[in-house]
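S.K.: I need the structure of the sequence given here:
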Amino acid sequence: MTEHENLALYVADLYEHGKDDELFNLAERLLEVSDESAEAAAVRAEVFRLARVVSVRKGDQVGTEVWGAHAWTAAMLSGNSNVAAALLLPQFFVLVGLGAFAEGRVVLDGMLSLIDDSSPDLVPSAALLHRLYEEKTAFSFLSEKRYADAENCYKRALNYARTLRRAQLKIRGGLSLCSYLAHPDSSEVAVAAETEMLDIAAEANEHGYMDVIGWATQNATVMAARKTDGWIPFEVT
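M.R.: You can find the predicted model right below:
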């Protein structure tokens, strides 16, 4: 495994476990790196992209724009279409926030067309991008109350998350929401969905996934009250 591949795995671990300060420190250091090889630029672009995602989660608008710009610059230097594909996700979330779900899926289709499946060594990997494509498509369908379509997408996403604990928990949460919201009058479904949410929260707590804990706990509360509003997606929007 190359130095760049090791770095890509390291930053993915920082993001998965919410080590935000370490992630930002790494991103700042990489701004000073002079290695302009395509592989190095691709890894920098992924680090900067994740720094942008964390900035969104923290409500840091300046950081969101700055790290987004750094990510695009590194993506162009890398010549790696997988990086460009990942950087289309912010446009998807803008459209979803405006209620333009079909238009958001058009952006995702553009993202899908950019994914390079030819090499398993690209950063970000094709498997990651295919999973994100299915998860975000599912989220758009869930928001439109197209629960069967959302469920099918979440199930496909699971195929790309076999070794990724946090991703598995998020997808299980999405599937549980589909089941619950599709059968609002079924006590049996509600109990099963609530139990699944509490299990997800417990597993997330074991691994330190604080965002997943919050989402699952809120959704379990909604399910316990047998409500169909107040739920939240398993997404950093």
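
S.K.: Tell me which residues of the helix or strand bottoming out on mean pLDDT in the chain come out buried.
M.R.: When each helix and strand of the chain is scored by mean pLDDT, DSSP states H and E, helix 3-16 comes last, with a mean of 80. By neighbour count on 16 or more other Cβ atoms under 10 Å, the buried set for helix 3-16 is 4, 7-8, 11-12, 14-16. No exception for glycine: its C-beta is placed from N, CA and C like everyone else's.

S.K.: ok, so of these, who is nearest residue 50?
M.R.: The closest of the buried residues of helix 3-16 to residue 50 turns out to be residue 15 (Cβ to Cβ; 4.8 Å).

S.K.: got the contact list for that closest one?
M.R.: For residue 15, the contact set (Cβ atoms under 8 Å, 6 or more residues apart in numbering) comprises 23, 50, 53-54.

S.K.: Same check on residue 184?
M.R.: Residues in contact with residue 184 (Cβ under 8 Å, 6+ apart) are 226, 228.

S.K.: let's have the chain start at 47 instead
M.R.: Taking 47 as the first residue, the last one we looked at is residue 230.

S.K.: does it sit in a helix, a strand or a coil?
M.R.: Under DSSP: H, G, I helix; E, B strand; the rest coil, the three-state class of residue 230 is coil.

S.K.: Now do the strands in this protein.
M.R.: Counting by DSSP state E, the chain yields no residue ranges for strands.

S.K.: Give me the domain ranges for it.
M.R.: 47-125, 210-283 (automatic domain parsing).

S.K.: Below-threshold pLDDT in the protein: ranges please.
M.R.: Applying pLDDT under 70 to the chain picks out residues 47-48, 50, 282-283.

S.K.: got the residue ranges for the helices in it?
M.R.: 49-62, 66-76, 84-104, 107-124, 127-132, 135-143, 147-160, 172-189, 193-204, 211-228, 233-253, 256-270 (DSSP state H).

S.K.: Using CSV, please lay out those helices together with distance to residue 166.
M.R.: Listed next are these as CSV, based on distance: least, Cβ to Cβ, whole Å:
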stretch, distance to residue 166
helix 49-62, 10
helix 66-76, 23
helix 84-104, 14
helix 107-124, 17
helix 127-132, 11
helix 135-143, 22
helix 147-160, 17
helix 172-189, 8
helix 193-204, 19
helix 211-228, 18
helix 233-253, 25
helix 256-270, 27
